[in-house]
Structure formats: C-alpha cells, structure tokens
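Colleague: from the sequence below, what's the structure:
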Amino acid sequence: MYEENQLLIDAQAWKERSLIELLYFRRITKGEDPIFLFLGDGENVTETLSAETLHRQASRAGAHLARTLERNSRIVLLFENGLDYIIAFFACLYAGHVPVSGIYPSSIGARERFAFVLQDCQGQAVLGKKETLQLFHFDAGLEQPVKWIPLESALKSSREIEPIPALSESLALIQYTSGSTETPKGVGLSHRNICHNIYIQLISYQYQDTGLIWLPFTHDMGLIGGVLPALAAGKPFYFMSPDKFIEKPSRWLDAISRFGATLSGGPDFAYRYCARLPPNEISPHWDLSRWKVAFNGSDSINPETLDNFYNVFKNNGFVKEAFYSCYGLAENALLVTSGTKDQGIRLTSFDRFSLSQGKAVATSQHIESSTTLLASCGLPHEEQHVHIVDPDTMTFLAEDLVGEIWVDSPCVSIGYINNPQRNAYSFIEIDGKRYLRTQDLGFLHEKELYHVGRSSEKFTHEGNIYYTNDISLSLSKAFAGAVCLVAPPCLPQRRLPSLIIEYETAPDPTDLRARVSETMKRYRITQFAYYAIRKGFVIRTPSGKLRADLTLDNIMAEQSAILVSGDTESPVVRGASSII
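Modeller: Okay, here's the model as predicted:
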C-alpha cells in the first residue's frame, strides 16, 4: 500500500485518507521508532511514544470505549499536554467515536469552559486521567447523563480492537475555538479536512527536520499543527507543556538548542517573552543556527518583536530568514497561508489614513507618525484560495482593498456543531462553491495576504475606521514592549476607546498621559480613556490570545488592579477609574 520510508503521498491521495490510515502507515514504516518525545519537566525527555505503541494503547483503550458507548459518541477530552492525550485521541477514533478538544484543565476558567463545551456538543462521555476527572466531576452540574471514563481504566482492557474504518468525509474531531472575541464554537472537522491540511504543512517539511513545540494539544495549533504532522512526518518530534514555557521561557530556547530542533514556533508573545529575558537566563552556549522555521502565528505579528528577538539571539546563531509567518483558523482545520522557507517575514509599510478609509497604499519607507508596518501572512497553498470580500454587499474586492477574508479549500470545516444559525452566516455557497467567512479583515497586496484585525476589533470613531490590534502594537512600542490592549467603544456601556497598559509599578501620571496622547494623535483619535494596570489582571484565552473586553470588565470589578487612570475629558486620577 505504501512504499517503505515514504514521507508523503500525493495531494489527491491525502484527500481520500483518514487519520486511522495515517497511523497505520507510520506503523509499517517506523514501527517502534520513537516519534513523540515528551519533556515532562520542560527540560528532559521523560516519555516517548512510537507509532506501534500508540496503536497498541489506542486499541486497548478503544476496546473499552467501544464496549461502553454507542458508535459515534462524542467524547470530551480532558488532558493537559502529554502522551496520554495522543493515546486518548486515537482511542476515540479507533472505537468509532468523535473526540472533542478545546479544554486545557489547568487554564484559567477551565471549569466554566468545560461545562459549556460538554453541554454545547451534547457530549456522551468525558475521557481523562482519574485525578483530573475527580476535579471536574464535582463542578459539572450538568443535566444530561454523562459517562466519566478514566484513561487508566480504559487501558486495562483485556482485549484490543482493530480500528473501525473511517471515510474521509466522516467527522474526525470537534475542535472548540479559543473564544478570543466571542463564545467558543465547536468546529466539526472531517478526516479529509485535517489530512489535506497536514499535507499542506508538510510541503516545507524536509526529511531531516526535527520539530519542537510547547503549544497546548487542546488548541488546533498544538494538535493539527504539532501532534498530527509529527505522526505524518515520522521523525522525532519533541513536546513540552505550555505551563513549562510560561513558567520559564528560556526552557524553549534551551530545548531547541539541545535537541537540534529545526522547526518550532508559537504566537508573537512567545518571541516577545524570550526577547525580554534577563541576561543571566540567556546561555552563550545555545546554538540556534539549526532552527530553520521559526513560525509565528495565532496572534498579530509585531515587527518590533521580530527585531528585538533577532538582536538578542543573533549571537546564538539565529537568523532573520528563519522567521516564518502563518495565518490560519480552526474552521479551515488550521493553516490557510504561510510564508516561504528561508526568506523571513515580509514587512510592508502602508499609509495609516488610507487604511482607515479601507484602502491599502504601500509606501516606500516607514514613518512612525503616518504609516503602519504590517507583516505579510504569505500565500495560500495546494487548492486553497483566499478572497477579500465586502461583508455588506458580498462583492469580491480587488487587491489593496480591505474587506473580510474568505477561504475556499478542501480544508474548510463541515460546519459548527449544533449551531445552524452561525453555520448559515459563516459558510456561504455561491455559484456552486462553498466559502468560509473568517470574520477576519485584511487585504491582498502583490498576491500575499495581510491581516489587519478581527471584525469585532474594527470600530469607527470620529468618521474613520480603526483596528484595535494596530493601535495596541503602537502603544506597546511607545511603552517599551509592555502588554497593551484596546477595547473599542461599545454603547451604551462606553462611548470612548479604552486603552489598557500593563505595568510592573505605578507610572508617573503625567508621563503616562503624554505618551498615550502622542500615540493616539497618530491615529487622529482625540477622545479616549486609559488605564495603567498591575500585572496579573490581563485575561487571555487558553491559546494565549488577549481578551481586551474581559480584561476591562475584570479591572472595573477589581479597582485595586488600576494604578493610574483617566480620560481626555477629565483630570488624571490614581488608583481608581473614571466611569464612562
């Protein structure tokens, strides 16, 4: 069926495969060779897993699941990063069930998110480690009967099963979105959706490449961008937990150096954290010269972060050409567009006022006061097509006009689970072609995609159009890389844009106001509110995305979080907020 040591099969064949066949392929080509290597303490390999062992464990646990539940049951996975997650995922597939992913047990708000997901997907069972299930079981408060299945018990099954064959069009996974701008949604992905996306990712993957990621498996970037491509490539791939990275970001770079990773990455904030490491946490012995693909996605790419990271680690062998942009979303399985290997991330300056009018006018040089520097998200690949559309008139737009990003691709989701109203809005059929409305805004320039923000991040103020992430990046630069957020006006609660800047200690009120005002002047925004807040009050999604609206609600409820605040209509006040 497959040639020995074959890395890829052609694009057409990938559309007809299933994830079960993918594991079968790796069993016959790699056997007991370790593919998944887990750094349990964030530094050392504590566990490994081969394709053959994965098959045996999934067969055993799958037998228990098949005996316990009716075919096609939806099983919510409740695991942190680890080999147990991978075994549980394939055990569900082997038994003919549908895994539901999207809850990281130790993340903030995990119990509330779990209760929502279990109810929303109408899950019949929860699969996790016994200790984790006990923590969540008492807080579930659910009406429908649910089976709670410890993986430890499932693995004690006295028999194994052969995997139940799956069609490429059948439902393989329900992946819940991070909920960065609205209520999380369950994205239904078929085997075909996922396998075709894996194929696209592996186009730039060389046989000698070694990967390493810390992204949560419960997020599409960790699962479909890490675990499953690792299996498809068949080479050793290293994994660690996100909490080990957050606890000590230097672990990531140390592991890349020690294990010779050629492919690794994360959202922009990961590079920002590392660029701000104190000198005593940066080893002169790190060798980052083998790191050829430093992907940057899931968050807006800040050009300043790229410069800072390169300047800090160029003496360790890191090169700018390794930076690799990517744009994607769960509704397209993951990847939509990406940069070109060994060419770095393309940065282009655009006239800021023209962008506020919906037009992208490139400039020959970047002028801080009048232009916006944007990172290209690259090009689509292999039967994926990106379109820019006026969301109001449904008119397809020409290059250099800002509109909603639409995608047509073999990877586009079969739809949101139990959400017909949202499906009718997000998945559009025109002239026999099915499009995904991403709710992201952007434009095409010289055929490459530039992302300017989410629809929910766009706001009109004093006659002009603005994007909160663009303003946030400018504020961050004005405040030496500090975490900055912008909550747009939202009547009747607030009529002014609200700027939030995270501080270590209380800033000088006069200096704070002057720097904020100078930044906002570039956008011709004269009315706004601002808050300097303590660390620890910024709200993030499980994937690390910032939630400006929830952060603002958080500091309004906990006034002690505010160090200094004010607005353009009243004097500066300390330790309290003006009510707008």
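
Colleague: ok, now which ones touch Y530?
Modeller: For Y530, the contact set (C-beta atoms under 8 Å, 6 or more residues apart in numbering) comprises S498, L499, I500, I501, L512, R513, V516, S565, G566, D567. No exception for glycine: its C-beta is placed from N, CA and C like everyone else's.

Colleague: next: F318.
Modeller: L288, S289, W291, A294, F309, Y310.

Colleague: who wins for neighbours among those residues?
Modeller: A294 (28 neighbours; other C-beta atoms under 10 Å).

Colleague: gap between it and G211?
Modeller: Taking C-beta to C-beta, to the nearest Å as the measure, A294 falls 12 Å from G211.

Colleague: low-confidence ranges in the chain?
Modeller: For the chain, applying pLDDT under 70 flags the ranges 1-12, 14-15, 138-143, 180-181, 206-207, 491, 542-544, 570-580.

Colleague: one more time with 50, if that's ok
Modeller: 1-8, 576-580 (pLDDT under 50).

Colleague: please parse it into its domains.
Modeller: If you go by automatic domain parsing, the domain ranges for the chain are 11-31+47-244, 324-456, 468-574.

Colleague: need the winner for burial among these.
Modeller: Each of the domains of the chain was scored by mean neighbour count; the highest is domain 11-31+47-244, a mean of 20, by mean count of other C-beta atoms under 10 Å.

Colleague: any idea how far S349 lies from L355?
Modeller: 11 Å.

Colleague: what touches both of the two?
Modeller: What both S349 and L355 touch, as defined by C-beta under 8 Å, 6+ apart, is the set T372.

Colleague: on that earlier part again, could you dump the domains of the chain to CSV with distance to K314?
Modeller: Converted to CSV, the domains of the chain look like this (distance: least, C-beta to C-beta, whole Å):
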stretch, distance to K314
domain 11-31+47-244, 20
domain 324-456, 13
domain 468-574, 18
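
Colleague: in the stretch 351-500 of the chain, what residue spans correspond to strands?
Modeller: For the stretch 351-500 of the chain, applying DSSP state E, counting those that start in this stretch gives strands covering 362-363, 371-375, 379-380, 385-390, 395-396, 403-408, 415-416, 427-430, 433-445, 448-454, 458-461, 464-467, 484-487, 498-503.

Colleague: list the strands paired with the third one, with their directions.
Modeller: Applying DSSP bridges, strand 379-380 is found paired with strand 335-338 (antiparallel).

Colleague: next: the fifth one.
Modeller: Within its sheet, strand 395-396 is paired with strand 385-390 (antiparallel), according to DSSP bridges.

Colleague: can you pull out the residues in contact with the partner strand?
Modeller: Residues contacting strand 385-390 (C-beta under 8 Å, 6+ apart): 336-337, 380, 395-397, 401-409, 435, 437, 442-444, 449.

Colleague: equivalent analysis for stretch 40-52, please.
Modeller: Here stretch 40-52 has contacts from 23, 26-27, 30-39, 82-83, 86-87, 231, 234, 238, 240-241, 244-245, 247-248, 251, 254-255, using C-beta under 8 Å, 6+ apart.

Colleague: G481: which of the contacts of Y530 is nearest?
Modeller: I501 (11.1 Å; C-beta to C-beta).

Colleague: measure the closest one to L473 for me?
Modeller: 13 Å.

Colleague: overlap in contacts, the two.
Modeller: In contact with both I501 and L473: C484, using C-beta under 8 Å, 6+ apart.

Colleague: A482 is in contact with V516, correct?
Modeller: No. Assessed by C-beta atoms under 8 Å, V516 is found out of contact with A482, at 11.7 Å.

Colleague: who touches both of A294 and G211?
Modeller: Joint contacts of A294 and G211 (C-beta under 8 Å, 6+ apart) are S264.

Colleague: where exactly do the strands run in the stretch 1-150 of the chain?
Modeller: 34-38, 47-50, 74-78, 98-101, 125-128, 147-150.

Colleague: out of the ones you listed, which is closest to P163?
Modeller: Closest approach to P163 among these is made by strand 98-101 (13.7 Å; C-beta to C-beta).

Colleague: which helices and strands sit right next to that closest one?
Modeller: strand 74-78, helix 83-94, strand 171-176 (3 or more C-beta pairs under 8 Å, 6 or more residues apart in numbering; DSSP states H and E).

Colleague: export the ones you listed as JSON lines, with columns for distance to T526.
Modeller: Listed next are these as JSON lines, based on distance: least, C-beta to C-beta, whole Å:
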{"stretch": "strand 74-78", "distance to T526": "49"}
{"stretch": "helix 83-94", "distance to T526": "50"}
{"stretch": "strand 171-176", "distance to T526": "40"}
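
Colleague: so how far is Y271 from the closest residue to R276 other than its chain neighbours?
Modeller: Spatial nearest neighbour of R276, excluding adjacent residues (C-beta to C-beta, 6 or more residues apart in numbering): G481 at 6.5 Å. Distance, G481 to Y271, by C-beta to C-beta: 11 Å.

Colleague: next, name the residue at the spatial heart of the chain.
Modeller: For the chain, the residue sitting closest to the mean C-alpha position, by C-alpha atoms, centre = their mean, is S298 at 3.9 Å.

Colleague: got the phi and psi for that one?
Modeller: Dihedral pair for S298: phi 80, psi -10, per degrees, to the nearest 10.

Colleague: test my guess that it contacts G265.
Modeller: No. Contact criterion C-beta under 8 Å: S298 and G265 do not qualify, at 9.5 Å.

Colleague: returning to that earlier point: what is in contact with G481 and Y271 at once?
Modeller: T305, N308.

Colleague: overlap in contacts of V516 and A482?
Modeller: In contact with both V516 and A482: L475, I501, using C-beta under 8 Å, 6+ apart.

Colleague: where's A294, which helix or strand?
Modeller: Using DSSP states H and E, A294 maps to strand 293-296.

Colleague: what comes up buried for that strand?
Modeller: V293, A294, F295, N296 (16 or more other C-beta atoms under 10 Å).

Colleague: how far away is the third one from S325?
Modeller: Spelled out, it's F295. F295 is 8 Å from S325, by C-beta to C-beta.
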